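# sequence unknown, structure follows:
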């Protein structure tokens, strides 16, 4: 088989982005229709406001009929109550739709990131991915949807009714007002391109900055240990200021659009008042008609100004959607076969047949590796750094697929097995285990949700962890912090061992699982591990030769190849890489816990 290299992200056009986004509204068509009904009622009520003023000016005041004015204004208040109630109901529906769409986008992106293999995740830091997909990108989309529902929809309906009333009042003045208002359209179109350009540049810089900041916050211990605080602050500031300037560019472009829109509004108001005055003086147009028309003109131009500012938010939303769809369009390089099946009665036989693999093109890490590991055998992988030990485990767990060659479980290509069922056969303990920022209890239940308290307590006891867990504040309900930061390295490793024991795996992968333990705890845990290793296939990635004396078999890896294969005693007797490493250990030149 050949590895499918990840494709470069496609350049998405706005039409394509909008075409993909519109179907998100499909499941909520009835809520949209109902909300449109309420918005229409709101628009009708709002746009009829100047007509009440016109009646009072043209009828009630000339006839000196205060009772008529009172009745008209009571009707006005009643209509405004209807308007406010319908506006509230419509907004409740619209905002719920917005939240559901944002939820759908975020959920899809997160699910996609779980599907994407380590090749993708190794390209970006967690902070970069968060800001690019679930942070700034989706926030900008949410802001646009809010403005769309609150401004575009509502104002669009109000404008429609307002234009109808304007035509009824004066077709000539309406035609002039409509012609002059087209300037808003041209202004918005002109500035929208530039706003999208500067927003996209800002988002990209913001993504990279978020990744850098996350890295610095995680490395605070190293920063303090090497007294790097001042240098880190200077570097932070040197990256932050350009980001602030890009944010300023976005705001400046939006302000320019607002400035032009406001100036056009003043110009149109002046023209309408002068034309209306001429009509009243020379063509005997009722004064109330002028007052109402000026009100409509202010209403229309004000709303057009608001709508023109949507261009800035629209540009940000398009840039955000573009980033989201880039992730959704990523193709995972580790994919499940359409005909994948669950392993049947797995025994644990592992076979590598002429496996080649490289993280980067033309830089092989595994070169033609072939090995057969019988069921129930414990095998240690040793060798110099960069020899391919961790890559062997990554390929076995199908975190990557080989460029060529086949990996088999009990004679069946693992690419033909269900990923979830296949990986559930493994128990993994890493040299630097990761714990979720939850309680110890939650971390154990995460790998086996149906585990009983007795099973979890037994797993902690066998991992030599129950004693220290009991003494923690809250016991196993103690929250371990990000990555397990509230525990010592040895405590984290014992919790990870308990997690592995709890799953009762068919195959175990241990990456120097006792390296962070003191001698006494290591001896106890080693006993527990040897008990677990009985009748299981076990792969031990060994960085210290002292940890592999009791395994059934040792594979020595160098430059992606198996250069030696045998027991501890056999390899100590024959010349080669293993004996050289062992002699270094005997001389005391191999630091404990470091790569062999």
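The structure has been received and is ready for your questions. Keep in mind that this is a model prediction, so the values were computed, not measured.
# Please enumerate the helices of the stretch 301-450 of the chain.
389-396, 419-423, 440-447 (DSSP state H, counting those that start in this stretch).
# doesn't residue 358 make contact with residue 391?
No: contact status for residue 391 versus residue 358: not in contact, 9.4 Å apart, counting by C-beta atoms under 8 Å. C-betas here are computed from N, CA, C, even on glycine.
# hey, what's in contact with both of those two?
Taking C-beta atoms under 8 Å, 6 or more residues apart in numbering as the contact rule, residue 391 and residue 358 both touch 365-366.
# The two: which has the busier surroundings?
Using other C-beta atoms under 10 Å as the criterion, residue 391 and residue 358 rank with residue 391 on top: 23 against 17.
# quick one: contacts for the nearest residue to that one once chain neighbours are set aside?
Distance criterion C-beta to C-beta, 6 or more residues apart in numbering; nearest residue to residue 391, sequence neighbours excluded, is residue 365 at 5.0 Å. For residue 365, the contact set (C-beta under 8 Å, 6+ apart) comprises 357-359, 386, 388, 391, 560.
# Return the member of these nearest to residue 244.
Checking those against residue 244 with C-beta to C-beta, the nearest one is residue 359 at 36.0 Å.
# Roughly how far does the residue nearest to the closest one when sequence neighbours are not counted sit from residue 142?
Spatially, and ignoring its direct neighbours in sequence, residue 359 is nearest to residue 365 (6.1 Å; C-beta to C-beta, 6+ apart). As defined by C-beta to C-beta, to the nearest Å, residue 365 lies at a distance of 42 Å from residue 142.
# most neighbours per residue, which of the helices of the stretch 301-450 of the chain?
Mean neighbours per residue, mean count of other C-beta atoms under 10 Å, is largest over those for helix 389-396, with a mean of 21.
# Which secondary structure elements does that helix sit against?
strand 350-360, strand 363-373, strand 378-382, strand 507-511, strand 537-541 (3 or more C-beta pairs under 8 Å, 6 or more residues apart in numbering; DSSP states H and E).
# Show me what the longest helix along the chain is packed against.
Ranked by residue count, the top helix of the chain under DSSP state H comes out as helix 229-283. Secondary-structure packing of helix 229-283 (3+ C-beta pairs under 8 Å, 6+ apart): helix 171-218, helix 287-328.
# re earlier: reformat the helices of the stretch 301-450 of the chain as a markdown table; add distance to residue 332 and mean pLDDT.
Converted to a markdown table, those look like this (distance: least, C-beta to C-beta, whole Å; pLDDT from 0 to 100):
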| stretch | distance to residue 332 | mean pLDDT |
| --- | --- | --- |
| helix 389-396 | 15 | 88 |
| helix 419-423 | 10 | 87 |
| helix 440-447 | 23 | 89 |
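# Make CSV from those and add distance to residue 532 to it.
Shown next, in CSV, are the helices of the stretch 301-450 of the chain (distance: least, C-beta to C-beta, whole Å):
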stretch, distance to residue 532
helix 389-396, 17
helix 419-423, 18
helix 440-447, 15
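# that older thread, how far away is the residue nearest to residue 359 from residue 557?
10 Å.
# list residues touching both of the two?
Joint contacts of residue 365 and residue 557 (C-beta under 8 Å, 6+ apart) are residue 388.
# Looking at the helices of the stretch 301-450 of the chain, which is nearest to residue 569?
Residue 569 lies closest, by C-beta to C-beta, to one member of the helices of the stretch 301-450 of the chain: helix 389-396, at 21.2 Å.
# got a list of contacts for the closest one?
The contact list for helix 389-396 (C-beta under 8 Å, 6+ apart) reads 118, 350, 352, 355, 357, 365-366, 369, 381-383, 400-402, 407, 509, 511, 539, 541-542, 557, 560.
# run the last query once more with 7 Å
350, 355, 357, 365-366, 381, 383, 400, 402, 407, 509, 511, 539, 541, 557 (C-beta atoms under 7 Å, 6 or more residues apart in numbering).
# So for those residues, which is the shakiest by pLDDT?
Minimum pLDDT for the contacts of helix 389-396 is recorded at residue 511 (81).
# which residues sit in contact with it?
Taking C-beta under 7 Å, 6+ apart as the test, what residue 511 contacts is 393, 429-431, 541.
# just curious, which of those is nearest to residue 491?
The closest of the contacts of residue 511 to residue 491 turns out to be residue 429 (C-beta to C-beta; 13.7 Å).
# Looks like the closest one contacts residue 503 (just checking).
No: shown here, residue 429 and residue 503 do not form a contact pair, counting by C-beta atoms under 7 Å, at 10.9 Å.
# which ones are touching the nearest residue to residue 153 once chain neighbours are set aside?
Distances taken as C-beta to C-beta, 6+ apart put residue 39 closest to residue 153, at 5.6 Å, once the chain neighbours are dropped. When contacts are counted by C-beta under 7 Å, 6+ apart, residue 39 touches 90, 153-154, 157.
# next SSE after the host helix or strand of residue 39?
Assigned by DSSP states H and E, residue 39 belongs to helix 29-47. Sequence order places helix 49-55 as the next helix or strand after helix 29-47, per DSSP H and E.
# I'd like the mean pLDDT over that next one, please.
Mean predicted confidence for helix 49-55 is 85.
# what helices or strands is it leaning on?
On a contact count with 3 or more C-beta pairs under 7 Å, 6 or more residues apart in numbering; DSSP states H and E, helix 49-55 meets helix 66-115, helix 287-328.
# thinking again about what came up before, show me which of residue 429 and residue 503 is the more surrounded one.
Between residue 429 and residue 503, counted using other C-beta under 10 Å, the more crowded position is residue 429 (23 against 18).
# what's the pLDDT at the more buried one?
pLDDT, read off for residue 429, is 82.
# again, but for residue 74
Looking at residue 74, the pLDDT reads 93.
# likewise residue 405?
91.
# what does residue 589 give?
47.
# Residue 593 now?
Residue 593 carries a pLDDT score of 38 in this model.
# go on, residue 373?
For residue 373, the pLDDT comes out at 92.
# got the buried residues for stretch 455-472?
Going by neighbour count (16 or more other C-beta atoms under 10 Å), the buried part of stretch 455-472 is 456-460, 462-466, 468-469, 472.
# Turn the residues you listed into a markdown table, including pLDDT and distance to residue 547.
Shown next, in a markdown table, are the buried residues of stretch 455-472 (pLDDT from 0 to 100; distance: C-beta to C-beta, whole Å):
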| residue | pLDDT | distance to residue 547 |
| --- | --- | --- |
| 456 | 91 | 27 |
| 457 | 92 | 27 |
| 458 | 91 | 25 |
| 459 | 89 | 21 |
| 460 | 90 | 22 |
| 462 | 86 | 18 |
| 463 | 84 | 16 |
| 464 | 83 | 16 |
| 465 | 86 | 19 |
| 466 | 89 | 23 |
| 468 | 89 | 22 |
| 469 | 91 | 25 |
| 472 | 88 | 28 |
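# between those residues, which is nearest residue 20?
Closest to residue 20, out of all of those and judged by C-beta to C-beta, is residue 456, at 44.9 Å.
# I'd say that closest one and residue 444 touch.
Yes: if you go by C-beta under 7 Å, residue 456 and residue 444 touch, sitting 4.8 Å apart.
# Can you pull the residues that touch both of these two?
residue 502.
# Give me the below-cutoff pLDDT ranges for the stretch 201-350 of the chain.
Applying pLDDT under 70 to the stretch 201-350 of the chain flags the ranges 211, 218, 221-222, 225-226, 305-312, 315-316.
# Tell me which of the helices and strands packed on helix 229-283 is the most buried.
When the helices and strands packed on helix 229-283 are compared using mean count of other C-beta under 10 Å, helix 287-328 is most buried, at a mean of 21.
# That one packs against which elements?
Helix 287-328 packs on helix 14-21, helix 49-55, helix 66-115, helix 136-147, helix 154-169, helix 171-218, helix 229-283, going by 3+ C-beta pairs under 7 Å, 6+ apart.
# Go through those helices and name the closest to residue 424.
It's helix 66-115; of the helices and strands packed on helix 287-328, that one is closest to residue 424 (C-beta to C-beta) at 15.5 Å.
# what's the following helix or strand after the closest one?
helix 118-121.
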